[in-house]
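# Pasting a predicted model and its sequence here:
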Amino acid sequence: MTPTEYIATFQLEHPGYSSYPQDYQPYIPLNKSRFLRIVKQGVINQELTEMIGAINEKQDWVIITEPWCGDAAQIVPYLFKMAEQNPLINVDVQLRDSNSEIDSYLSHGKMSIPKLIVRNKEGADRFVWGPRPQKLEAIYLELKNKNENIDDMKTILQKWYNEDKGKEIQDEIMELIKAK
């Protein structure tokens, strides 16, 4: 699906909304608000803008996500903004639980999202990124290993995203682009 089609999945009237797990549905309106805030206020730094603008061959950016995912609400808008910097980048959004490619891109054996798979014009993977910035992934794993309360974990992760403002995501994507 396109980014526009993905944004529509946040709507209560979207045909797939009722198919989301019942306990995940309350997160969707909150994630929609966070997502749209970043769409409106998030900024891609100049170095990354120039780097993406210099891509001179077609690329496909596959983004595996779900509207109920808190990390995705913080990350996917930045990925969309990055892709908008170059018309040679085609974005294909896949919902993790609807025939996506997630089984080929597990994190620690789990179907963690979001995932960004960047492919060259021949369809070969250039790089894969996700499910969250490495610094935050380390914090998340530490909290999980300490059996931290899930609500406290969510608060800690959200605070990190609010303070970071997409910087780490952009830095990591820049490094992956440079490396290829």
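Great, that's in hand. Everything quoted here is computed from the prediction, not taken from an experiment.
# where does the protein have low pLDDT?
For the chain, the stretches flagged by pLDDT under 70 are 180.
# Where do the helices of it begin and end?
For the chain, applying DSSP state H gives helices covering 3-8, 27-41, 46-53, 70-83, 134-145, 150-164, 167-179.
# Output those helices as JSON lines; include the columns distance to residue 115.
From N, CA and C alone the C-beta is placed, and that goes for glycine too. Listed next are the helices of the chain as JSON lines, based on distance: least, Cβ to Cβ, whole Å:
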{"stretch": "helix 3-8", "distance to residue 115": "14"}
{"stretch": "helix 27-41", "distance to residue 115": "17"}
{"stretch": "helix 46-53", "distance to residue 115": "19"}
{"stretch": "helix 70-83", "distance to residue 115": "10"}
{"stretch": "helix 134-145", "distance to residue 115": "13"}
{"stretch": "helix 150-164", "distance to residue 115": "17"}
{"stretch": "helix 167-179", "distance to residue 115": "13"}
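# How about stretch 19-30, which residues are buried there?
For stretch 19-30, burial by neighbour count (16 or more other Cβ atoms under 10 Å) applies to 20, 27-28.
# same deal with stretch 134-151?
Quick answer for stretch 134-151 (16+ other Cβ under 10 Å): 136-137, 139-140, 143.
# and the residue lying closest to residue 75 once chain neighbours are set aside, what is it in contact with?
Of all residues beyond its chain neighbours, the one nearest residue 75 is residue 114 (5.2 Å), with distances taken as Cβ to Cβ, 6 or more residues apart in numbering. Counting by Cβ atoms under 8 Å, 6 or more residues apart in numbering, residue 114 touches 63-65, 69, 71-72, 75-76, 79, 130-131.
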